[in-house]
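A.B. asks: What follows is a predicted protein model with its sequence.
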Amino acid sequence: MDDKLRPYRTGVEKPARYVGGEYNLPDFNKPYSVRMCLCFVDLYEVGMSNMGIQILYGVLNEAEDVRCERCFAPWIDLGKILKEKNIPLSSLETGTPLRDFDIVGFSIPYEMSYTNVLYMLDLAGIPFRAKDRGEAYPLIVGGGPASANPEPFIDFFDLFFIGEGEDIDLELCKLVEKYKGDRDKILTEAAKIDGIYVPSKCEFSDGICKTTVKKAVVKDLDRAYFPTKPLVPNIEIIHDRSVVELYRGCYAGCRFCQACYFYRPVRYREKETVKQIAERLIKTTGCEEMGLSSLSTGDYEDVVPLISELKDLTERKNVSLQIPSLRLDSFTEGLLERTKKSSLTFAPEAGTQRLRDVINKNVTDEDIKSSMAIAFRAGYTTVKLYFMLGLPTETDEDVLGIAETVRLVKQTYIETTGRKNIFINVSTAMFIPKPATPFQWAEQISGEEMYRRQNLLKSELFKIKGVHYAWHGADISVLEGVFARGDRRLSDVIETAYLSGCKFDGWSECFRYDLWMEALAKHNVKIEEYTGARDTDEALPWDFIDFGVKKSYFLSEWKKALVAKTTPPCKHRCNGCGAQSLASCRFYKEKKS
């Protein structure tokens, strides 16, 4: 803990969040020329569960001449103390104020974390806007999943990483080392690197960037860096386990899913590489659980023998192997043979076949029934089901179809086991049109309509015994929709909202919808400007980003969605999305021939 904070450690919740000194810390005695602080805009427990943070931290600290430290958003109690006592926000490792670093990089996981960027800059004593910062301040860099559309908050950053940051982080550090003290030269040279967006070096017309920025990708994942000696957190974190990344990208093509398209092309870690990483993690972390990370673990080639071999390894070391949620069409009995029988998670997403065809889910009622039967025969008695409400073309029949799907699952359990003691947890999120998806032109339903559909489904699900229903808030979903497809006019809204008291907006106890509405009104921003349907001919704020997937492909998929026509998964054939232009796609070569 920073020495200045020691007098206040007994007065804050979970002081171990701010202590540092975790097991597996890198060597901070090595010489360095560039000092970077990697910031995560949420609590320690959330940030330390983020695999991207662990990867970037390891990459940077293994590089010559670079030292990387961390900073997480302090909870409100400590934030208040820092402000009142005029103590600058500092790094976890050495207590160095953020403003004394060469680079301060923010990882931004999703839309409702934007005000926490300003929260951390405010506590650090760093001006919010890039135009107000000179040589006396570090470069402020952004990245993470929010890079699919950085425009709503780009005014707060000197530059932004678009895509995967492992390689371009190091390239930026080399530029800072070479041109330290010449901010303009650093930005000029950085703008030449694929994956780095430097707004001050781009051309704009009518508020739209006209300079193409190509998404950065790791071309060979099997040889790419992965932390086999990660930091072991001081307290229990959200996902308190070691994790092995199987692959990036997804072949499924669900039309609402930003991750599916943003992380294309599909790139694998080979089975032997995964096993080597797993064995090393067991030795270096002492974690009691190990998880597998990908967008759909069941779709990994050779997944059954891989899990069998990993299970042999973990059982010998008294480690529990956890399998994440599975796609229903990739679920097999082999996946269950030696896994922990607690609960299984599936995401049918929609309650009718018509709507599943609209979103290209490629899952049928028979898939659901057969997968559930396999699970129930294996001894599972609890199932978690995820759905979305407000999908394009959704009707009340589709909403009520969710309840019918739940009844199908329950009936399958009774027929398979002869018992009725099943517990079904149903969760619904609201559909939010996202950039870099075929649904980027779709309308988002209003908050009032969200509430109506939630209540319609709730009244039907409550008729089914053994079902628990949870839903994502409508108010926060509306704002997520605004910022997901927002433009630069929203920077003023974000700043006003923060100054009026908004922060930790992803936490229900902190979210202030009224303050956000006041901020939007102050700047004459109407919600419908951002949540309404988009014309397929209009220029979109994120069009300057080359995602690899062609815009014409998104448009083709959007048109097919409107007539409920599906596209086969690209594992079975190459559909020509264009992603293979950025890196070799796992499935493209064989399909091309």
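C.D. replies: Done, it's in.

A.B. asks: quick one, helices of the stretch 451-593 of the chain?
C.D. replies: Assigned by DSSP state H, counting those that start in this stretch, the helices in the stretch 451-593 of the chain fall at 474-484, 490-499, 513-522, 528-531, 551-562, 588-592.

A.B. asks: in what helix or strand does residue 370 lie?
C.D. replies: helix 365-377 (DSSP states H and E).

A.B. asks: So in that sheet, which strands flank the helix or strand that comes right after that helix, and in what orientation?
C.D. replies: For helix 365-377, the following helix or strand on the C-terminal side (DSSP H and E) is strand 382-389. Applying DSSP bridges, strand 382-389 is found paired with strand 344-349 (parallel), strand 423-430 (parallel).

A.B. asks: Now do strand 382-389: everything it contacts.
C.D. replies: The contact list for strand 382-389 (CB atoms under 8 Å, 6 or more residues apart in numbering) reads 256, 325, 342-351, 359, 372, 375, 399, 402, 405-406, 409, 422-431, 450, 453-454, 457, 471. For the C-beta atoms, the positions are set from N, CA and C on the backbone; glycine is no exception.

A.B. asks: now swap in stretch 558-573 and tell me
C.D. replies: 251-253, 255, 266, 299, 354-355, 357-360, 362, 392-393, 438-442, 536, 557, 575, 577, 585, 587, 591.

A.B. asks: From residue 480, how far off is the residue nearest to residue 483 when sequence neighbours are not counted?
C.D. replies: Spatially, and ignoring its direct neighbours in sequence, residue 483 is nearest to residue 111 (4.0 Å; CB to CB, 6 or more residues apart in numbering). Residue 111 sits 5 Å away from residue 480, going by CB to CB, to the nearest Å.

A.B. asks: Determine the set of other helices and strands touching the lengthiest helix in the chain.
C.D. replies: Taking DSSP state H as the assignment, the helix of the chain that covers the most residues is helix 396-417. Counting contacts by 3 or more CB pairs under 8 Å, 6 or more residues apart in numbering; DSSP states H and E, helix 396-417 is packed against helix 353-358, helix 365-377, strand 382-389, strand 423-430, helix 447-461.

A.B. asks: switch to 6 Å and redo it
C.D. replies: For helix 396-417, the elements it packs on are helix 365-377, helix 447-461, judged by 3 or more CB pairs under 6 Å, 6 or more residues apart in numbering; DSSP states H and E.

A.B. asks: As TSV, the ones you listed with mean neighbour count would be great.
C.D. replies: TSV is the format used below for the helices and strands packed on helix 396-417 (neighbours: other CB atoms under 10 Å):
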stretch	mean neighbour count
helix 365-377	19
helix 447-461	17
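
A.B. asks: Identify whichever of these lies nearest to residue 10.
C.D. replies: Comparison of the helices and strands packed on helix 396-417 against residue 10 by CB to CB identifies helix 447-461 as nearest, at 42.0 Å.

A.B. asks: and this structure, what are its domains?
C.D. replies: 3-214, 221-489+525-580 (automatic domain parsing).

A.B. asks: Throw those into CSV and include mean pLDDT and distance to residue 504, thanks.
C.D. replies: As requested, those are exported to CSV (pLDDT from 0 to 100; distance: least, CB to CB, whole Å):
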stretch, mean pLDDT, distance to residue 504
domain 3-214, 95, 6
domain 221-489+525-580, 92, 12
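
A.B. asks: do you know which of the ones you listed lies nearest residue 507?
C.D. replies: Comparing the domains of the chain by CB to CB, domain 3-214 comes nearest, at 8.7 Å.

A.B. asks: Give me the distance between the two termini of the closest one.
C.D. replies: Distance across domain 3-214, first residue to last, is 43 Å (CA to CA, to the nearest Å).

A.B. asks: what does stretch 33-51 give?
C.D. replies: Note: stretch 33-51 ends 26 Å apart using CA to CA.

A.B. asks: contacts for it?
C.D. replies: Stretch 33-51 has contacts (CB atoms under 6 Å, 6 or more residues apart in numbering) with 17, 53, 56-57, 65-73, 91, 98, 101-108, 113, 116-117, 120, 173, 176-177, 233, 237-239, 243.

A.B. asks: Just to be sure, which of those are found in strands?
C.D. replies: 65-72, 103-107, 243 (DSSP state E).

A.B. asks: which one among these gets closest to residue 490?
C.D. replies: Nearest member of these to residue 490, counting by CB to CB, is residue 106, at 16.9 Å.

A.B. asks: For that closest one, give its distance to residue 300.
C.D. replies: 31 Å.

A.B. asks: More neighbours: which of these two?
C.D. replies: residue 106 (25 against 19; other CB atoms under 10 Å).

A.B. asks: The domains of the chain: which one's closest to residue 510?
C.D. replies: Once the domains of the chain are compared by CB to CB, domain 3-214 is nearest, at 7.3 Å.

A.B. asks: on that earlier part again, Throw the domains of the chain into CSV and include distance to residue 508, thanks.
C.D. replies: Shown next, in CSV, are the domains of the chain (distance: least, CB to CB, whole Å):
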stretch, distance to residue 508
domain 3-214, 11
domain 221-489+525-580, 7
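
A.B. asks: out of those domains, nearest to residue 517?
C.D. replies: Among those, domain 221-489+525-580 sits nearest to residue 517 (CB to CB), with 8.7 Å.

A.B. asks: starting at the chain centroid, how far to the longest helix of the chain?
C.D. replies: 30 Å (CA atoms, centre = their mean, to the nearest Å).

A.B. asks: what angle separates it from helix 447-461?
C.D. replies: Orientation check (axes from the mean of the first three to the mean of the last three CA atoms, to 10 degrees): helix 396-417 against helix 447-461 gives 30 degrees.
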